[in-house]
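K.L.:
build me a model:
(chains A and B)
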2 protein chains.
Amino acid sequence: MAEFFLGVDLGGTKILTVVADHNGIILASEKRPTEAEQGPEKVIDNIYATVLDVLEKSSVRPRDIIKMGVGSPGPIGISEGMIYMAPNLYWENVPIVKLLEEKVKIPVILENDANAAALAEKWFGAGKDVDNLLYITVSTGIGGGIIINKKIYHGVNDGAGEVGHMIIDPAGPRCGCGNPGCLEAIASGTAINRMAGEAIRQDKDTLLKELFINNQEKIDGMMIADAARRGDQIALQIWHKAGRYLGIGLANLINIFNPEMIVLGGGVMNAADLIFRPMEESLKEYSFESNYKSVRICQALLGEEAGVRGAIAVAMGERLLR
Amino acid sequence: MAEFFLGVDLGGTKILTVVADHNGIILASEKRPTEAEQGPEKVIDNIYATVLDVLEKSSVRPRDIIKMGVGSPGPIGISEGMIYMAPNLYWENVPIVKLLEEKVKIPVILENDANAAALAEKWFGAGKDVDNLLYITVSTGIGGGIIINKKIYHGVNDGAGEVGHMIIDPAGPRCGCGNPGCLEAIASGTAINRMAGEAIRQDKDTLLKELFINNQEKIDGMMIADAARRGDQIALQIWHKAGRYLGIGLANLINIFNPEMIVLGGGVMNAADLIFRPMEESLKEYSFESNYKSVRICQALLGEEAGVRGAIAVAMGERLLR
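P.N.:
Here you go, the predicted structure:
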């Protein structure tokens, strides 16, 4: 019997849906705006539309779909099939699994987006040859997924992996979560932008000022990377500082987990040329030597596809272990 | 067939050995000085002597012993049966399993002492009704053991669980490991003693000075606890500070692991009346609410027996899962 799987990456701005075969090979994909501001029903309709599209494109029959995996921002409840809170979607307590199953008539399984990406890197990406890894996404925020014995480690109520909210400097800037000096508050894309904004306000001698003015008083990671690559000292210092802190966070995780591999994804890794060296220096300095020697630090291989490939991996479930 | 197990807690100053039945019930125990300064051979002889003693006391026949578990300070290599480094024993690269098996003629399995204690609390102590827990020992140092699905999580080369070397304040005091602001450097017994020493040197108005002079210029945790219980403000501040930092460390672990339970052991917990409240306040403040609500923070139940009971659990291995 033919076995196919649907994967959905439910993001704040777009929905990415794919259909894959029993090897996880993607046969067709479709993207649509999420339109979250129009409410859950509209989003369910949009997901359904992408499902019809990928089935048509791939000529897969609906009755041959075994399961549909959905990667979503969290916090979520997996066994409850609930999205408890998703600020990017303006949602609270949405029974997404029930709503989708009623519409699509296929069993649905929900997963946190960072966990899904971690699982994708394990099965289809940088971690194909290891059974245990930590996946860390460094983007607007910093999130994580923990893979132990080839499976996602969820914790007691699906709340594990919040590595971005590890406090590593109580005297540091306040995080969006309210705590002081979380890793996310000092090493994320948001933190990098904040440091650039501070430098501009302090009227430091930096290219950033010019970029800021030329871009309608907006600054983003790409500009800050650009300035650093052009040799701007202030911009270089910002990447250096973020990298050093990221290295502290990773060293903590290396000492706690003694992992085989750490996979780094997320938009900030587009500036790997700027952030990797200070990050590696500090993680080497602060990790136990034998733990440091046994871990490989890799860049994620799946980029923007990680979420949807993870949703496929979630849908395939135990089949991947065969 | 009768099945019995030996457990050995190999400490810096003493060896504690027990024999247990197939339910893990201890039938006899024996203690001896380690005499580590006399070298591995002498220590092996001492362990062997305790084994003969417990067998005699319990009337268990050597041929009915299935396995012997040994809990040791680390770092160790489990599959290699090696103690790589044990500062308390003045040892480096001792093939303890091979040496013991040659002497005792029973299969030996080695485990890190904090992991053994964690497993003991899971099977015989505070965590009997949970499958996932973190065990943290707060003593001279701070160590940890991670139990996932009823088993010790070792990491790729048995180096997992070093929660004491999580950096939580890069501006903090330097740790024995060389890093700045490890949890161990600001919340362990050693850190508490250091803070008391600083207060005395700064000639602050505190009972600690008097206790220091009356005890041949030595200060220990018990005295600092005693001073705090008598209302000494400086001593109370020290416990408060250590407790707050410990709470940050635990919050980080709660956000990363979303554990069912954290079990706290070690000598510092003898001052639970002083350290628990500030610790709980800060871990509540810094943990994600749903993660905080689902974790139980418990004191260890097995006290000084945790290590040897863990050694028994290690020896019993898969039998515990039946």
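K.L.:
A:Phe276: what secondary structure?
P.N.:
Assigned state for A:Phe276: helix (three-state reduction, DSSP: H, G, I helix; E, B strand; the rest coil).
K.L.:
isn't it right up against A:Gly243?
P.N.:
Yes. Between A:Phe276 and A:Gly243 there is a contact at 7.2 Å, judged by Cβ atoms under 8 Å. Every C-beta, even on glycine, is put in place using the N, C-alpha and C of the backbone.
K.L.:
the more surrounded of these two?
P.N.:
A:Gly243 (24 against 18; other Cβ atoms under 10 Å in any protein chain shown).
K.L.:
B:Tyr135 versus the residue of the stretch 201-322 of chain A found nearest chain B, what's the distance?
P.N.:
Distance from chain B to each residue of the stretch 201-322 of chain A (Cβ to the nearest Cβ) is smallest for A:Asn258, at 2.5 Å. In this view, A:Asn258 and B:Tyr135 are 16 Å apart by Cβ to Cβ, to the nearest Å.
K.L.:
and for A:Arg194?
P.N.:
38 Å.
K.L.:
more neighbours: which of those two?
P.N.:
Higher neighbour count among A:Arg194 and B:Tyr135: B:Tyr135, with 34 against 16, using other Cβ under 10 Å.
K.L.:
within range of chain B, give me the residues from the stretch 201-322 of chain A.
P.N.:
A:248, A:251-253, A:255-260, A:285-286, A:288, A:290-291, A:294-295 (Cβ under 8 Å from any Cβ of the partner chain).
K.L.:
and the buried ones among the residues you listed, selectable in PyMOL?
P.N.:
One line in PyMOL is enough to select the buried ones among these; burial here means 16 or more other Cβ atoms under 10 Å in any protein chain shown:
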select buried, chain A and resi 248+251+252+253+255+256+257+258+259+260+286+288+290+291+294+295
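K.L.:
for A:Glu35, give me its contacts.
P.N.:
For A:Glu35, the contact set (Cβ atoms under 8 Å, 6 or more residues apart in numbering or on different chains) comprises A:42-43, A:46.
K.L.:
let's see that with 6 Å instead.
P.N.:
For A:Glu35, the contact set (Cβ atoms under 6 Å, 6 or more residues apart in numbering or on different chains) comprises A:Lys42.
K.L.:
what of A:Ala271?
P.N.:
Listed by Cβ under 6 Å, 6+ apart, the contact set of A:Ala271 reads A:Ala225.
K.L.:
now swap in A:Val163 and tell me
P.N.:
If you count contacts by Cβ under 6 Å, 6+ apart, then A:Val163 has A:144, B:256 around it.
K.L.:
for it, phi and psi?
P.N.:
A:Val163 adopts backbone torsions of phi -70, psi -20, taken as degrees, to the nearest 10.
K.L.:
same question for A:Val263.
P.N.:
phi -110, psi 130.
K.L.:
how many residues are close by it?
P.N.:
30.
K.L.:
which residues does it bridge with?
P.N.:
A:Tyr135, A:Cys298 (DSSP bridges).
K.L.:
for A:Asn255, see how far away it is.
P.N.:
For A:Val263 relative to A:Asn255 (Cβ to Cβ), the value is 18 Å.
K.L.:
got the residues of the stretch 51-200 of chain A near chain B?
P.N.:
Within the stretch 51-200 of chain A, the positions near chain B by Cβ under 6 Å from any Cβ of the partner chain are A:155-157, A:159-160, A:162-163, A:165-167, A:169-170, A:179.
K.L.:
what about the residues you listed, which are in strands?
P.N.:
Among those, no member falls in strands (DSSP state E).
K.L.:
let's have the residues you listed in CSV, adding distance to B:Leu110 and pLDDT.
P.N.:
Formatted as CSV, these follow (distance: Cβ to Cβ, whole Å; pLDDT from 0 to 100):
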residue, distance to B:Leu110, pLDDT
A:Gly155, 29, 97
A:Val156, 30, 96
A:Asn157, 35, 94
A:Gly159, 34, 95
A:Ala160, 29, 97
A:Glu162, 33, 95
A:Val163, 30, 97
A:His165, 35, 96
A:Met166, 31, 97
A:Ile167, 34, 98
A:Asp169, 37, 97
A:Pro170, 38, 95
A:Asn179, 39, 95
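K.L.:
in PyMOL, select just the buried ones from those residues.
P.N.:
Listed next is the PyMOL selection for buried residues among these, using 16+ other Cβ under 10 Å:
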select buried, chain A and resi 155+156+157+159+160+162+163+165+166+167+169+170+179
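K.L.:
make CSV out of the residues of the stretch 51-200 of chain A next to chain B and add distance to B:Lys67.
P.N.:
As requested, those are exported to CSV (distance: Cβ to Cβ, whole Å):
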residue, distance to B:Lys67
A:Gly155, 32
A:Val156, 32
A:Asn157, 36
A:Gly159, 37
A:Ala160, 33
A:Glu162, 39
A:Val163, 37
A:His165, 42
A:Met166, 38
A:Ile167, 42
A:Asp169, 46
A:Pro170, 46
A:Asn179, 46
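K.L.:
what sits closest to the residue of the stretch 201-322 of chain A closest to chain B if chain neighbours are left out?
P.N.:
B:Gly155 (2.5 Å; Cβ to Cβ, 6 or more residues apart in numbering or on different chains).
K.L.:
A:Leu236 now?
P.N.:
A:Ala228 (4.8 Å).
K.L.:
ranges for the helices of the stretch 201-322 of chain A?
P.N.:
A:207-214, A:221-229, A:233-257, A:272-286, A:289-293, A:306-316 (DSSP state H, counting those that start in this stretch).
K.L.:
let me fix that, I meant to ask about the stretch 1-150 of chain A.
P.N.:
Going by DSSP H, counting those that start in this stretch, the stretch 1-150 of chain A shows helices at A:40-58, A:96-104, A:113-124.
K.L.:
buried deepest among those helices, which one?
P.N.:
helix A:113-124 (a mean of 29; mean count of other Cβ atoms under 10 Å in any protein chain shown).
K.L.:
check which helices and strands it sits against.
P.N.:
strand A:133-138, strand A:142-148, helix A:306-316 (3 or more Cβ pairs under 6 Å, 6 or more residues apart in numbering or on different chains; DSSP states H and E).
K.L.:
going by proximity to chain B, name the top residue of the stretch 101-250 of chain A.
P.N.:
Counting by Cβ to the nearest Cβ, the stretch 101-250 of chain A gets nearest chain B through A:Gly155, at 2.5 Å.
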